[in-house]
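**Student:** no sequence on this one, just coordinates:
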């Protein structure tokens with residue numbers, strides 16, 4: 001700020017505009033970071049290996065079973 005103001009490139013009005021724009025960006029960023037996202041529990045198994053191991057398939061099946069019980 002001081003450097004640009006010293007070169008007469010930053011006026012008070014322009015500084016206020018920049019500050020307002022920066023606050024809008026920060027607000028959108030905070031809102032995005034604090035937003036609740038729906039997480040699919042099966043993603044825990046979906047993105048571990050290209051081909052799931054037998055143990056992961058078994059664990060994923062147990063998870064699906066528990067989730068279907070909870071949905072009732």
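**Tutor:** Yes, it's here. These numbers come from a predicted model, not from an experiment.
**Student:** where along this protein do the helices fall?
**Tutor:** Secondary structure of the chain (DSSP state H): helices located at 2-6, 12-34, 43-46, 54-71.
**Student:** residues near the nearest residue to residue 56 once chain neighbours are set aside, how many?
**Tutor:** Spatially, and ignoring its direct neighbours in sequence, residue 56 is nearest to residue 45 (5.3 Å; C-beta to C-beta, 6 or more residues apart in numbering). Bear in mind the C-beta positions are built from the backbone N, C-alpha and C, glycine included. Neighbour count of residue 45, defined by other C-beta atoms under 10 Å: 17.
**Student:** tell me the pLDDT at residue 45?
**Tutor:** Per-residue pLDDT puts residue 45 at 87.
**Student:** and for residue 1?
**Tutor:** pLDDT, residue 1: 88.
**Student:** for it, what are its contacts?
**Tutor:** By C-beta atoms under 8 Å, 6 or more residues apart in numbering, the contact list for residue 1 reads 10, 15.
**Student:** for residue 10, grab the count of nearby residues.
**Tutor:** Around residue 10 there are 15 residues (other C-beta under 10 Å).
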